[in-house]
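Participant: need a structure here:
(one chain, ligands or ions: 1)
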Amino acid sequence: MRQHVNPLSKYFYEFEPIPHLSKIFKNPELPLHIDIGCGSGKFLFDLALENSNWNYLGIEIREKLVLNAKIKLKEIETNNLNFSYGNATLLIKDWLNKDNISILDSVSFNFPDPWFKNKHHKRRVIQSDFIKNINKLMKAESLIFVKTDVQELFEHMDEIILNSDYFIAIDLDMLDHLESFNPNQINTQREEYALENKLRIFKKIYKRIY
Ligand SMILES: C[S@@+](CC[C@H](N)C(=O)[O-])C[C@H]1O[C@@H](n2cnc3c(N)ncnc32)[C@H](O)[C@@H]1O
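Facilitator: Sure, this is the predicted structure:
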């Protein structure tokens, strides 16, 4: 099993700031989705190639994965996909400091690292301050999508998101997926693994209240 990367280590103080949207997307006016902890980016490549009416941005702490994704970006014809590497907490804070208010249409957290031990919970990506910052980047009624195969982590993330008072949970069946960033409900790599191994998948969608 892969060793998790400790986002709080000094090594991750450095990150690649998210460029101005006009520098990374051909049409920066399209709806924007970000995927936090995007891994290799395969999920986003699949999405971007299928949906030219959305822009997609992946954030991943493991630099090597982002470098490889960027090599692949040059090989294929797409102008609605990009990646930045670094600890999402720092990247999002930096992005917000550049006045990027209300620019996101949706955000996904797919199978974030669980950090099981209590003393390591602070390494989990979803924390109260982080949700507060993400909230400021999001448009009114925009959506957060959460998936994990770890029930305890799911409950922890749910509590933080709902306690923020910025979001309400919405009924999964009420969502018109065709209008979302993932109209064909493509699975992520970890999701494929979970399905193959018959692991229970916990999912929830949250809507920004105003
Ligand atoms: C279990 S993998 C899931 C990958 C992918 N989302 C999927 O569903 O297949 C979690 C990913 O989140 C990344 N990650 C963990 N903490 C992060 C952080 N603070 N900022 C950005 N990425 C992070 C890890 O490096 C890893 O690639």
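Participant: With adjacent residues omitted, what lies nearest to the residue of the chain found nearest the ligand?
Facilitator: As assessed by C-beta to the nearest ligand atom, the ligand sits closest to residue 37 within the chain, at 2.5 Å. Where C-beta positions appear, they are placed from N, C-alpha and C, glycine not excepted. Leaving out its chain neighbours, the residue that sits closest to residue 37 by C-beta to C-beta, 6 or more residues apart in numbering is residue 112, at 5.4 Å.
Participant: ok so the one you found is a helix residue?
Facilitator: No - going by DSSP: H, G, I helix; E, B strand; the rest coil, the assignment for residue 112 is coil, not a helix.
Participant: distance of it from residue 85?
Facilitator: Per C-beta to C-beta, to the nearest Å, residue 112 is found 16 Å from residue 85.
Participant: biggest strand in the chain, by residue count?
Facilitator: strand 138-148 (DSSP state E).
Participant: Run through who's touching that strand.
Facilitator: Outside of strand 138-148, the residues within contact range by C-beta atoms under 8 Å, 6 or more residues apart in numbering are 102-112, 114, 126, 134, 154, 157-158, 161, 167, 170, 175, 180, 182, 188, 191, 201-208, 210.
Participant: Sticking with residue 6, tell me its helix or strand.
Facilitator: Under DSSP states H and E, no helix or strand contains residue 6.
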